[in-house]
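K.L.:
Could you look at this predicted model? Sequence included:
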Amino acid sequence: MQKQKYTFLDRLIIPDYDTPRGVSSGNLIFDKAKCRECGVCVTLCPGGCLITDKVTKMDLLTGKVKGGKYGLPRVDKTKRGATLCIACYDCGAACPHDAIRIETHFNPKRHFKRLTQTSEMIFPKRY
Amino acid sequence: MNVKTSSLSPLGVYHEGMEWNAVEKVIYERRSIRGFKKEPLSDGMIRRILESGRFSPSAGNMQPWRFIVIKSPEMLAELEKDAVKMAKFFMFFIDYTRGGAIRRLLTKQLAKLSIRFMPNELHVVPFALLSQIAQGKTKVFHGAPTLILLVEDKRGVSCPATDIGICGQNMVLTAHSLGAGTCWIGLIKLCMYYPKWRKKFGIKYPYALNNCLAVGWQKPKADGPVPREAQIVEWYDRGLHDAPRTEKQGG
């Protein structure tokens, strides 16, 4: 197990922020069977990048929509295919129905690449 | 998923694999809270939180901090409005993730040049956040009823920014242990581009304002444990010239 190398070329190249080539961003899996479409995760998402087909974060915050089912959430993507998820998993911690699973971690590439973090996402371990 | 208070380990002991103690519970279950109730915490509670900041460790006991509590709803609304305005201004020039191909061609070069001068402020994460704010998809201060500004005294010993971090973390953990919610917000920097706010808060030498805490009651309750990347740690536990042993922390 070694830490990632950070070469001079890495240092020079600033990655594109909105393509999968430039950032490998987080992705979330929503369990259709467990999700009750309550909208908690959508309200909490730091960047407002969780949306459903019916509502966005701002709709919920400004009270534009009230009550009912908001639809199954999904992660918003940029036009060029990167998600805006930073893998903070605040949504999963808050989900009252335990319906969210995180798939990948967040790692921008090249200049900003992470060097000592591995891609495994692990819950706090009681050593 | 949250650990029940009844099953916690006592403070001051350790044996392998034991349950979290009360302090660890607060540390692992603390989440950055971005949804708040409208009513603020009581003044007493805010004072209790500030008190843990006052008793933070700092280099040379210089306590290079100054706290400003903002509860005025009009002022909070004005700060939010101005921060959004500034985000829109910057993103007009450098957000290449929106618009057509020609816009992308022009703005991308400017963005990449700016990133070299401001690598922390224009890192991927704040860049995407600023873009979302400019598009009106999220808020800057998350509608928090109280802001605690952490003003840094640049004349502190060694690295005053570290002291501010320690001080803030003390306050955050205290707040969460009391059942409240907090979120670090670095985007208060956006307001510091306005002379009027700098003047109002007295942000001139020796002071700098880079961070603030949004404080309030959590709505919805969002504290809970999350998974994080396993980390490679180097252990130097053999001879002086031996290579370090690497270990995966968490895995």
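P.N.:
Done, it's in. Every value quoted in this text rests on a predicted model; they were computed, and no experiment measured them.

K.L.:
Okay, and residue B:149 sits in which element?
P.N.:
Using DSSP states H and E, the element containing residue B:149 is strand B:146-153.

K.L.:
swap that for residue B:164, please
P.N.:
For residue B:164, the element it lies in under DSSP H and E is helix B:160-177.

K.L.:
I'd like the next helix or strand past that helix.
P.N.:
Following helix B:160-177 toward the C-terminus (DSSP H and E): strand B:180-185.

K.L.:
Indicate whether that next one makes contact with chain A.
P.N.:
No - on the criterion CB under 8 Å from any CB of the partner chain, strand B:180-185 is out of touch with chain A, staying 8.6 Å away. Backbone N, C-alpha and C define where each C-beta goes, glycine included.

K.L.:
how about low-confidence regions in the chain?
P.N.:
No chain in the question, so chain A it is. A:1 (pLDDT under 70).

K.L.:
hm, I was asking about chain B
P.N.:
Looking at chain B by pLDDT under 70, you get B:1.

K.L.:
Helices of that one, start to end?
P.N.:
For chain B, the helices defined by DSSP state H cover B:22-29, B:43-54, B:73-94, B:101-117, B:124-134, B:160-177, B:195-201.

K.L.:
burial measure for residue 18, as a count.
P.N.:
Since you didn't name a chain, this refers to chain A. Per other CB atoms under 10 Å in any protein chain shown, the neighbour tally for residue A:18 reads 26.

K.L.:
that's the wrong chain, I meant chain B
P.N.:
Neighbourhood size, residue B:18 [other CB under 10 Å]: 14.

K.L.:
Distance check, the closest residue to it other than its chain neighbours against residue B:25.
P.N.:
Nearest residue to residue B:18, sequence neighbours excluded (CB to CB, 6 or more residues apart in numbering or on different chains): residue B:9, at 4.8 Å. Noted for residue B:9: a distance of 9 Å to residue B:25, by CB to CB, to the nearest Å.

K.L.:
do residue B:37 as well
P.N.:
Relative to residue B:25, and taking CB to CB, residue B:37 is found at 23 Å.

K.L.:
which of those two has more neighbours?
P.N.:
residue B:25 (22 against 15).

K.L.:
Which one of the helices of chain B lies nearest to residue B:240?
P.N.:
Between residue B:240 and those, the shortest separation by CB to CB is 29.4 Å, and it involves helix B:160-177.

K.L.:
So which residues make contact with that closest one?
P.N.:
Here helix B:160-177 makes contact (CB atoms under 8 Å, 6 or more residues apart in numbering or on different chains) with B:22-23, B:26-27, B:29-30, B:48-53, B:55-59, B:62-65, B:148, B:150, B:152-154, B:156, B:181-182, B:184, B:210-211, B:213, B:215, B:223.

K.L.:
in it, what counts as buried?
P.N.:
Applying a neighbour-count criterion of 16 or more other CB atoms under 10 Å in any protein chain shown, one finds B:160, B:163-165, B:167-177 buried in helix B:160-177.

K.L.:
and the angle for that helix with strand B:180-185?
P.N.:
150 degrees (axes from the mean of the first three to the mean of the last three CA atoms, to 10 degrees).

K.L.:
For the residue lying closest to residue B:65 once chain neighbours are set aside, give its distance to residue B:29.
P.N.:
Take residue B:65 and drop its neighbours on the chain: the residue closest to it by CB to CB, 6+ apart is residue B:167, 5.3 Å away. As judged by CB to CB, residue B:167 and residue B:29 stand 21 Å apart.

K.L.:
Likewise for residue A:70?
P.N.:
On the measure of CB to CB, residue A:70 and residue B:29 end up 26 Å apart.

K.L.:
Among those two, which residue is more densely surrounded?
P.N.:
Set side by side, residue A:70 and residue B:29 show more neighbours around residue A:70, with 23 against 20, by other CB under 10 Å.

K.L.:
which one is residue B:97 nearest to, not counting chain neighbours?
P.N.:
On the basis of CB to CB, 6+ apart, the spatially nearest residue to residue B:97 that is not a chain neighbour turns out to be residue A:18, at 4.2 Å.
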